[in-house]
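In: With the input below, show me the fold.
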Amino acid sequence: MKEIQGRPLPLGVTMIGNTMNFSVAVPQEKECQLLLYHAGEKKPCMSFGMKKSIGEVRYIALEDIDPSEYEYNYEMDGEIVVDPYVKALAGREKWGQARDVQMHEVRGKLDIKEYDWEGDAPLQLPYHSIIAYSLHVRGFTKHSSSKVKAKGTFRGVIEKIPYLKELGINQIQCMPVYDFEENLQYCNYWGYGDAYCFAPKGAYAYSKDAVNELKDMVKSCHREGIEVVLEMPFSGNVPKQMMEECLRYYMMEYHVDGFILNPSSAPMEGICADPILKKTKIMVHQTGFQTVMRRFLKSDEGMIPEVMYWLRHNSLGDRTYNYITNQNGFTLYDLVSYDGKHNEANGENNQDGPEYNYSWNCGVEGVTRKKAVLELRQQQIKNAFFLLLFAQGTPCILAGDEFENTQKGNNNVYCQDNPVGWLDWSKLEKKKELHDFVKKLIEIRKAYPAFWPEEEMRGIDQVSCGVPDVSYHGESAWRVPSEVSSRQLGVYYSGAAVGGEDCFVAYNMHWQEHPFALPALSSGKKWYKIASTSEGVLEEPELLDNQRLVEVAERTIMLVIGRK
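Out: Below is the predicted model of the structure:
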C-alpha cells in the first residue's frame with residue numbers, strides 16, 4: 001500500500017481500479033489524519049496526514065489497498081470523526097448498544113462489494129395506480145406475533161412481502177432506514193435527527209450486512225411489483241447539496257423508487273429538476289386530506305366543500321399522497337377509540353404529540369366492552385377506509401390499520417421501541433373480517449378506473465357523453481347539499497370519461513338516515529349496489545329496486561355502479 005495523489009471530489013471514499021480515494025471537508029485551522037484499522041479492531045494500525053486541500057476539502061489516495069482488510073475514520077485535532085459520507089458502518093450492528101466514537105467503537109467500512117441486481121431497475125409505476133403502505137422497518141416485524149425469522153429487519157420485511165401482495169399493496173413507504181443514533185435521552189425509535197445518511201442502518205440487518213440486505217429487500221419487492229419509497233427527513237445540519245447527492249446515491253445504488261421529503265429543509269426545486277432523479281417519485285407529507293376526512297368522519301358540520309375538493313384532488317400535481325392516519329398521530333383504531341392523547345409512557349407528562357387529533361371515541365374513552373360502542377367503532381373504521389380508497393388521490397394505509405393495530409391512545413410513539421410501537425400481528429387473526437374488507441375495497445378501486453384517473457377530473461363533460469366526469473348530488477339529483485348542517489354527499493363518476501363503468505358513492509356521515517337521489521343513467525344501464533360499510537362487499541351486485549332514490553343508513557357509505 002502506498003500514498004499517491006488524490007482527488008478532492010467526490011467527497012467520501014471512491015474506489016477506482018486498485019486506488020482508493022479519500023476526501024473530506026475539514027475546517028481550515030484543523031489538522032486531519034486518515035486512520036486505518038484492521039477490520040473489526042478498535043485500534044488504528046496506520047495513519048496518514050492529509051495535507052492536500054482545495055478550499056476546506058482534504059484528500060488523499062492509497063494504491064494497492066485491499067478494502068476487505070481495513071476500516072477507517074478521520075482524526076481532526078485529536079477528535080475522532082466518522083466520515084459524513086460513509087457508505088456502511090462497523091460497530092453499529094446491534095440495536096440499542098451504546099458506542100463511543102472517540103474509543104474507535106464506530107468505524108467506516110471500505111468493503112462495499114459488487115451486487116448482482118439480476119436486471120432489476122426502479123419500477124416507475126404510474127403515480128395514480130399506487131396503493132401505498134407506510135411502515136417502520138423495525139416495528140413492522142419485531143413483535144413475536146409477526147412469526148418471521150428475521151424480526152425487526154430488512155429481511156423481516158421480505159418475509160412479509162406475500163402478505164403485502166395479497167392485500168393489494170404496490171408501494172411501501174419506509175420510515176428512516178439510514179444509520180441514525182437511537183440512544184438519546186429518550187429512545188429514538190423513529191429515526192429522526194442526526195444520522196449517517198448514506199449508510200443503511202446496521203441494526204436493521206439480520207445478516208449484519210445492511211448494504212446488501214437493503215438491496216435484497218428492494219429487489220425482492222420489485223419482483224412482486226412493489227415499489228420502495230424511503231422517508232428522508234434530513235436533520236437541519238445536513239447541507240442541501242449533500243441531500244441531493246444522498247438521494248441520487250440511493251436511487252442509483254439501491255434502486256429506490258421514491259422519497260418522502262420535508263420541503264422546509266430539502267431543496268425541492270433543485271431535487272425536482274435533477275436529471276438523475278427526474279423519473280423518481282419525490283413526495284411530501286400533507287395534512288389537508290387527513291384533517292378534512294377525520295372531521296367529516298366524526299360528523300363535523302360545514303365540511304362538504306372541502307370533502308368535494310379532496311375526493312377528486314390528484315396527488316401528482318403537488319407530489320402528495322392521501323392518508324387518514326400515519327406514524328405521527330393515532331392509529332385508525334385509536335382514532336375512533338380516544339378523544340385525547342395518552343402519551344404518559346413517553347415520560348413527558350403527556351405534553352408531546354399532536355394536540356389536535358380530530359378524533360372521536362364513539363362514546364367511551366379507550367377500552368370498553370359495550371357492544372354498541374364497539375359496533376360503531378367498527379363502522380367508523382370501515383368508513384375511514386372508504387374515504388381513503390375511493391378518493392382519487394394516491395392512498396396510503398398505515399401498517400396494521402387493516403387489523404385494528406393499537407398504540408393504546410399514544411399519538412407519538414417516537415420513543416416506544418416495545419409492543420406499544422410495534423405491530424401486534426395476533427390481531428390479524430382476530431380481525432380477519434376487517435382485513436378481508438380492506439382487501440376487497442382495494443380490489444374494487446383497482447377494478448374501476450373512475451377511482452384512479454390519470455388526470456384530475458374537472459366537473460365537465462370532457463368526452464361528449466352527456467354528463468360531467470364528476471358531479472355532486474344530495475337528496476335532489478345534481479344539487480350539492482352545501483348547507484353548513486349537511487353531513488352527506490353523493491358523488492357520481494362517469495365511466496365514459498375514463499373507459500370504465502359509472503360509479504356513485506353515497507357518503508352519509510350524519511347520525512340519521514338520508515335518501516340520495518340517483519342520476520339517470522344512459523339507455524340500458526341500471527344501478528347496482530356492490531358495497532357499503534354496513535353490509536360489506538356483496539358477493540354479487542344487487543339491482544336497486546328504486547333506480548331514482550336510495551336510502552343510506554346513518555354513518556354509512558354506499559357504493560353503487562351503473563351497468564347494462
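In: only C-alpha atoms for contact and neighbour calcs from this point on.
Out: Fine.
In: which stretches of the stretch 251-400 of the chain have low pLDDT?
Out: The stretch 251-400 of the chain contains no residues with pLDDT under 70.
In: check contacts around the residue nearest the centre of the chain.
Out: Against the mean C-alpha coordinate of the chain, by C-alpha atoms, centre = their mean, the closest residue is Gln173 at 3.0 Å. Going by C-alpha atoms under 8 Å, 6 or more residues apart in numbering, Gln173 touches 132-135, 228-231.
In: Repeat that for Glu443.
Out: Here Glu443 is in contact with Gly168 (C-alpha under 8 Å, 6+ apart).
In: Tell me how far it lies from Pro449.
Out: 11 Å (C-alpha to C-alpha, to the nearest Å).
In: Could you look up the SS state of the residue nearest to the centre of the chain?
Out: strand (DSSP: H, G, I helix; E, B strand; the rest coil).
In: per-residue confidence at it?
Out: On pLDDT, Gln173 comes in at 98.
In: How about Ser207?
Out: pLDDT at Ser207 comes out at 94.
In: okay but Tyr323 is in contact with Gln290, surely?
Out: Yes. Counting by C-alpha atoms under 8 Å, Tyr323 does reach Gln290; the two are 5.7 Å apart.
In: ok, those two, which is more surrounded?
Out: Tyr323 (28 against 19; other C-alpha atoms under 10 Å).
In: From Lys446, how far off is the more buried one?
Out: Applying C-alpha to C-alpha to Tyr323 and Lys446 gives a distance of 18 Å.
In: now do Ala150
Out: Ala150 is 32 Å from Lys446, by C-alpha to C-alpha.
In: Kindly reformat the contacts of Gln173 as JSON lines and extend each row with secondary structure, pLDDT and distance to Met217.
Out: What follows is those, written out as JSON lines (DSSP: H, G, I helix; E, B strand; the rest coil; pLDDT from 0 to 100; distance: C-alpha to C-alpha, whole Å):
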{"residue": "Ala132", "secondary structure": "strand", "pLDDT": "98", "distance to Met217": "16"}
{"residue": "Tyr133", "secondary structure": "strand", "pLDDT": "98", "distance to Met217": "15"}
{"residue": "Ser134", "secondary structure": "strand", "pLDDT": "98", "distance to Met217": "15"}
{"residue": "Leu135", "secondary structure": "strand", "pLDDT": "98", "distance to Met217": "14"}
{"residue": "Val228", "secondary structure": "strand", "pLDDT": "98", "distance to Met217": "9"}
{"residue": "Val229", "secondary structure": "strand", "pLDDT": "98", "distance to Met217": "12"}
{"residue": "Leu230", "secondary structure": "strand", "pLDDT": "98", "distance to Met217": "12"}
{"residue": "Glu231", "secondary structure": "strand", "pLDDT": "98", "distance to Met217": "16"}
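In: Just give me the closest of those residues to Asn350.
Out: Ranked by distance to Asn350 (C-alpha to C-alpha), the contacts of Gln173 are led by Leu135 at 24.4 Å.
In: Pull the contacting residues for the closest one.
Out: By C-alpha under 8 Å, 6+ apart, the contact list for Leu135 reads 172-175, 398-399.
In: Strands of the stretch 51-200 of the chain, residue ranges please.
Out: Ranges of strands within the stretch 51-200 of the chain are 53-54, 57-63, 70-76, 79-81, 89-90, 107-109, 132-135, 171-174, 178-180, 195-200, based on DSSP state E, counting those that start in this stretch.
In: Does anything pack onto the second one? Which helices or strands?
Out: Counting by 3 or more C-alpha pairs under 8 Å, 6 or more residues apart in numbering; DSSP states H and E, the packing neighbours recorded for strand 57-63 are strand 2-4, strand 19-25.
In: in the longest helix anywhere in the chain, what's buried?
Out: Counting residues, the longest helix found in the chain (DSSP state H) is helix 371-389. Residues of helix 371-389 classed as buried: 373-374, 376-389 (neighbour count, 16 or more other C-alpha atoms under 10 Å).
In: got it, and stretch 270-290?
Out: Buried positions in stretch 270-290, judged by neighbour count with 16+ other C-alpha under 10 Å: 271-272, 277, 280-285, 289-290.
In: Pick the one among the residues you listed closest to Tyr127.
Out: Looking across these and measuring by C-alpha to C-alpha, the closest to Tyr127 is Lys281, at 8.1 Å.
In: Is that closest one in contact with Gly258, as I believe?
Out: Yes. In this structure, Lys281 is within contact of Gly258 by C-alpha under 8 Å, at 4.2 Å.
In: and the end-to-end length of stretch 151-161?
Out: End-to-end for stretch 151-161, by C-alpha to C-alpha: 14 Å.
In: do the same with stretch 459-470
Out: End-to-end for stretch 459-470, by C-alpha to C-alpha: 5 Å.
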